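**Q** prediction below, plus the sequence it came from.
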Amino acid sequence: MIKILFICHGNICRSTMAQSVFAHMAARQGLSDQFHIDSAATSREEIGNPPHYGTVNKLRQEGIPLIPHRARQMTTQDYEEFDYLIGMDDANIRNMERIAGGDPEHKIYKLLEFAGSGRAIADPWYTGNFEVTYEDVLEGCEAFLESLHM
């Protein structure tokens, strides 16, 4: 089983969106049993909060089931337990490496790296544009799943 942790700043917008999008893609391809998928934050700001209404609404609009989730912070134990820790932007990556104490096993990635891009996925908390965030998350998740050769 491949263990994937999607990570963003607060764990209410981008990472929860990626978690639901990737789980939906895996389910549509009959691969759900191949993955353990979760999400987390690098900050403590939103701990315990549900996904942002913008994420909920966008997923509903796309017909993607929302995975029930409450924001939590990434831990050093997560680095040990997960095969892939996937952040959304450079600040996430820096904070993930700080929390993990580095990346000696090369498990930390930025989501759009899988699509051949160094671009960040913009935080809709600030931009208000959940459509652009969704398009980037979808592109990254599709490329990531393809990279796993399943």
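**A** Cool, got the structure.
**Q** next SSE downstream of the helix or strand residue 78 falls within?
**A** Taking DSSP states H and E as the criterion, the element that holds residue 78 is helix 76-81. Next helix or strand after helix 76-81 toward the C-terminus (DSSP H and E): strand 84-87.
**Q** parallel or antiparallel, list what pairs with that next one.
**A** When pairs are called by DSSP bridges, strand 84-87 turns out to pair with strand 2-8 (parallel), strand 108-110 (parallel).
**Q** for stretch 113-125, what is the average pLDDT?
**A** Averaged over stretch 113-125, pLDDT sits at 95.
**Q** columns distance to residue 150, mean neighbour count and mean pLDDT on top of the strands paired with strand 84-87, output as a markdown table?
**A** For the C-beta atoms, the positions are set from N, CA and C on the backbone; glycine is no exception. Converted to a markdown table, those look like this (distance: least, Cβ to Cβ, whole Å; neighbours: other Cβ atoms under 10 Å; pLDDT from 0 to 100):
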| stretch | distance to residue 150 | mean neighbour count | mean pLDDT |
| --- | --- | --- | --- |
| strand 2-8 | 9 | 24 | 98 |
| strand 108-110 | 17 | 20 | 98 |
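**Q** got those strands as JSON lines, with distance to residue 87 columns?
**A** As requested, those are arranged in JSON lines below (distance: least, Cβ to Cβ, whole Å):
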{"stretch": "strand 2-8", "distance to residue 87": "5"}
{"stretch": "strand 108-110", "distance to residue 87": "6"}
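**Q** buried set for stretch 56-70?
**A** For stretch 56-70, a neighbour-count test (16 or more other Cβ atoms under 10 Å) marks 56, 58, 59, 64, 66, 67, 69 as buried.
**Q** pull the CA atoms of the helix or strand bottoming out on mean pLDDT in the chain into CSV?
**A** Scoring the helices and strands of the chain by mean pLDDT, DSSP states H and E places helix 124-127 at the bottom, with a mean of 94. Presented in CSV, the C-alpha positions along helix 124-127 are these (Å, rounded to 0.1, in the frame of the first residue of the first chain):
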residue,chain,number,x,y,z
PRO,A,124,-7.3,30.1,-2.5
TRP,A,125,-7.5,31.3,1.1
TYR,A,126,-5.7,34.4,-0.3
THR,A,127,-6.7,34.4,-4.0
